[in-house]
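>>> From the sequence below, what's the structure:
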Amino acid sequence: LEEHWMPFTSNHDFKENPRLMVKAKGVYYTDHHGKQLIDASSGLFCSPAGHGRTEIRDAVYKQLGELDYVQPFQQGYAGSFELARKITKHTPEDLNRVFFTMCGSSAVETAIKTAVAYFKAKGEGHRSHIVGRERGYHGMNIGGISVGGMVANRKTFSNILMPNVHHMRHTHLPEHAFVKGEPETGADLADDLERIAANIGAENIAACIVEPVAGSTGTLVPPKGYLKRLRKICDKHGILLIFDEVITGWGRMGEPFGAQAFGVTPDIMTMAKAITNGVVPLGAVVSREHIYDTLVDAAPKGAIEFFHGYTYSGIPCAVAAGLAMQDIMEKENLFQRSKDMSPYFLDGLFSLKDIEGVIDIRGYGMMGGIDLRTDERPGKAGYACFKELFAAGLSLKATGDCLIIAPPFISEKHHIDEIIEKLRTGITNYMKG
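Residues are numbered from 1 along each chain as shown. Reported below is the predicted structural model:
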């Protein structure tokens with residue numbers, strides 16, 4: 001096992017006692033010991049339609065037999081245009097221009113570049129500052145960790161982060177503990193953007209980027225009115241609002257995107273993960289029409305308008321998976337299934353608040369976070385509990401001392417019951433240990 005340097009993993013510990021998956025079907029994994037585990041986090045928030053979807057497999061197989069690759073620069077193929085059209089059926093208002101990337105991290109980089117290039121095309125090249133948020137997660141490329149606010153992801157690389165980046169405070173206040181849904185207090189934290197604008201000059205800010213619900217840090221649900229306040233401040237100062245919907249997009253919030261769930265339309269939106277059900281890497285950035293028009297119209301006729309893109313931007317096999325996933329979402333009404341199951345899921349999640357060592361629970365839509373009491377150092381309790389949960393037959397994502405639960409949308413009530421039961425068993429066993 002030594003040759004593989006694993007990401008976000010305690011490599012020494014893992015290789016002493018590996019957790020290897022060999023099969024996945026529906027909402028279950030099977031490990032190399034033949035043990036079945038229920039998937040409580042939709043893979044890594046990317047498989048809401050469950051595993052082993054033959055529709056996606058067959059679509060990718062068929063596509064590879066017809067056209068395996070075409071360069072995305074100055075060439076194309078019909079599938080990417082069809083997928084872009086289908087995506088815009090679900091995006092709000094005039095977010096109708098789709099730029100394909102490889103993943104969520106590359107989507108964030110693209111969104112940042114889009115914002116900066118837009119203002120240069122407008123003759124406002126002085127707008128180069130970007131505002132992010134503490135505890136925000138925007139992928140692992142330099143731009144993403146610069147605007148993100150997860151300290152462990154940033155500190156090793158602090159000497160090479162982007163300049164002209166500022167951070168608002170995160171939105172999770174002490175009084176928000178064990179609040180289901182949107183907290184009543186904290187909307188005024190959006191005024192941090194106003195404060196930053198006053199300090200550096202609003203005319204120098206290109207964009208503000210946030211996740212509608214901060215996902216990877218542990219499901220931080222925005223206070224009521226917070227996102228609307230951000231939108232108002234951005235409009236006041238001509239700042240572009242970017243929503244990173246890599247986790248919250250495609251039904252996780254009970255609507256197509258967090259934008260619709262919270263009634264706030266950004267200027268630019270990123271997406272990935274569930275766009276292909278996690279089967280093939282694919283990301284996308286969707287922008288308002290005027291942003292696209294400004295960039296394209298500023299270039300001479302016949303010239304490249306946006307010097308950006310990737311070898312794997314919207315390649316045929318990824319697009320085939322995306323188109324198949326669009327069909328699944330429509331035929332199985334996955335957005336509505338997510339919305340309908342959310343109350344039952346959240347009730348089950350909050351029933352765990354009596355467990356010793358659980359210090360907070362949060363949730364919205366089909367995503368929730370459980371904070372554990374820290375043991376000696378951050379992350380120790382979360383990882384130890386993660387291993388107990390695996391032993392109890394449950395797979396999920398742990399960040400620091402937070403357990404993040406995001407079940408597949410195809411889950412039935414008995415699957416939710418099994419997840420909650422195994423959470424109780426695993427956390428209790430961890431506390432006993």
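
>>> middle-most residue in this structure, spatially?
residue 247 (2.3 Å; Cα atoms, centre = their mean).

>>> For that residue, give its distance to residue 365.
Applying Cβ to Cβ, to the nearest Å, the value for residue 247 to residue 365 is 11 Å. Just so you know, the C-beta spots here come from the backbone N, C-alpha and C atoms, and that holds for glycine as well.

>>> what do those two both touch?
Taking Cβ atoms under 8 Å, 6 or more residues apart in numbering as the contact rule, residue 247 and residue 365 both touch residue 213.

>>> Do a quick rundown of the strands in the stretch 251-400 of the chain.
268-271, 283-288, 358-364, 367-372, 394-395, 397-399 (DSSP state E, counting those that start in this stretch).

>>> Show me what the last one is packed up against.
The one in question is strand 397-399. Applying 3 or more Cβ pairs under 8 Å, 6 or more residues apart in numbering; DSSP states H and E, one finds that strand 397-399 contacts helix 380-391, strand 402-405.

>>> Who are the packing partners of the longest one?
Helix 380-391 is packed against strand 367-372, strand 397-399, strand 402-405, helix 413-432, with contacts defined by 3+ Cβ pairs under 8 Å, 6+ apart.

>>> between it and helix 413-432, how many degrees?
130 degrees (axes from the mean of the first three to the mean of the last three Cα atoms, to 10 degrees).

>>> for helix 380-391, which positions count as buried?
Counting neighbours by 16 or more other Cβ atoms under 10 Å, one finds that the buried residues in helix 380-391 are 381, 382, 384, 385, 386, 387, 388, 389, 390, 391.

>>> mind checking how far that helix is from the chain centre?
Remark: helix 380-391 is offset 23 Å from the chain centroid, using Cα atoms, centre = their mean, to the nearest Å.

>>> same thing with the shortest one?
Strand 402-405 has its C-alpha centroid displaced from the chain centroid by 14 Å (Cα atoms, centre = their mean).

>>> Give the other helices and strands that that strand contacts.
Against strand 402-405 (3+ Cβ pairs under 8 Å, 6+ apart) you get strand 367-372, helix 380-391, strand 397-399, helix 413-432.

>>> can you map out the helices along the stretch 201-350 of the chain?
Ranges of helices in the stretch 201-350 of the chain, per DSSP state H, counting those that start in this stretch, are 226-237, 258-262, 289-297, 316-331, 334-350.

>>> got the angle between the fourth one and strand 283-288?
Between the direction of helix 316-331 and that of strand 283-288, the angle (the same axes, to 10 degrees) works out to 70 degrees.

>>> Most tightly packed of the strands of the stretch 251-400 of the chain?
strand 268-271 (a mean of 29; mean count of other Cβ atoms under 10 Å).
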